Every structure is written in C-alpha cells, then in structure tokens.
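**Q** how would this look folded up:
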Amino acid sequence: MEAAGTVGWLIERERVVCADLEAVLHAEREALETFSSDAVSRCVRRKAALQGELVRLVERRREAVRTLAGELGVAADDGRIVPLLEQLPNRVAAELREAIGGLRQTLLRTRRLQRVNGVLIDESLKLVGELVRVYRQLLPGTRYDGRAVVKPGLTPMGVDERV
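**A** Here you go, the predicted structure:
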C-alpha cells in the first residue's frame, strides 16, 4: 500500500499549498483595499507560482491514484481516490478521508476568497475607469504612457500662438 501513502502525502501537500494560496489571497485583498499596486503585483506573481504548483501536485496525485488502483486491481482512469476508499483497509481509508476533508475545507475557503477578491478587482477597475473618464473631461487629450504616467494633452496655455 505504498501508493496509498503517496496519495495521502500528495493530498496533504495540496492542502498546504492551498493554505499558502489562502494567505496570499488575504494579502491581495489588503493590497486591493489600500490600492497598493506593488503589493498586488507581488501577490499576482505568488498566486501564479502556487497555482502552477497545485497543477503539478494534482497531476502527480492522479497518477498515484492510478498506481494504487492498479495495486488494488480496479480501474481508476479518472484518477479520483474516493471510489477506491472502500477497497482499502479501514485505517488507510480513514486517514485518506481525513486528508481529503482537510483539503476540501481549505479549497472552499480559498475559492471564497478568490470570489471576494474578484469582486474587489472588478469594483476597483470600475473606479479607475470612472476616474480616468472624469480626468479626461477636465483635461481633454490627457493620456497615459506605457508606464502609466500621465501625459497631459493640449491646454489653452500649451497652444502655440504662431499657428
């Protein structure tokens, strides 16, 4: 049952990475609320790294589940562990159920935070869009360069009188 131990270890690893992602999402929310673009950028990079790690862990876990299914002599083409739990010794199945439950709880919290942050991001973008619209009305021709630095348009004082 070495494959069952590997599956359990991978599930726990996923839970830890999800917990790290949860912490980053809390930091991202704080950065969004304080309009700290540098902090948001750091959070976005960290989230991408953690999500990449999660993808790799899920792939490894699914492969380990297929290996376990092979050891048990049953099919598990989809890589899901839950259907295999009844085939495992009670102690092993109980440990895996506990690990799965912990992962599910962490995933639920993480998904909730992602939704909240998504709403904050949408609202922030609306606010920035409204501010830019108002700014353009006050100073027609104003644009932002590639570094988001304001480049004022022509103003009455900026028109060359020799034209």
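**Q** what about the longest helix anywhere in the chain, average pLDDT?
**A** Assignment by DSSP state H gives helix 90-138 as the longest helix of the chain. Average pLDDT, helix 90-138: 91.
**Q** now for that helix, which elements pack on it?
**A** In terms of contacts (3 or more CB pairs under 8 Å, 6 or more residues apart in numbering; DSSP states H and E), helix 90-138 is packed against helix 2-33. To be clear about C-beta, it is placed using only N, CA and C from the backbone, and glycine gets the same treatment.
**Q** which one is the residue at minimal distance from the centre of the chain nearest to, not counting chain neighbours?
**A** Among the residues of the chain, the one closest to the centroid is Lys47, at 5.0 Å (CA atoms, centre = their mean). Using CB to CB, 6 or more residues apart in numbering and skipping residues adjacent in sequence, the residue nearest Lys47 is Val24, 5.5 Å away.
**Q** now swap in Ile11 and tell me
**A** Ala99 (4.3 Å).
**Q** What's the separation between Asp38 and Asn90?
**A** 52 Å (CB to CB, to the nearest Å).
**Q** buried set for stretch 41-49?
**A** Residues Cys43, Arg46, Lys47 are the ones in stretch 41-49 that count as buried (16 or more other CB atoms under 10 Å).
**Q** Which single one of these is nearest to Arg80?
**A** Lys47 (25.9 Å; CB to CB).
**Q** for the closest one, what are its contacts?
**A** By CB atoms under 8 Å, 6 or more residues apart in numbering, the contact list for Lys47 reads Leu21, Val24, Leu25, Glu28.
**Q** Which pLDDT does the model give the first one?
**A** At Leu21, the model reports a pLDDT of 97.
**Q** What score does Arg29 have for pLDDT?
**A** 95.
**Q** residues contacting it?
**A** Leu113, Val116, Asn117, Leu120.
**Q** mind running it again at 6 Å?
**A** Asn117 (CB atoms under 6 Å, 6 or more residues apart in numbering).
**Q** Gln87 now?
**A** Applying CB under 6 Å, 6+ apart to Gln87 gives the contacts Leu72.
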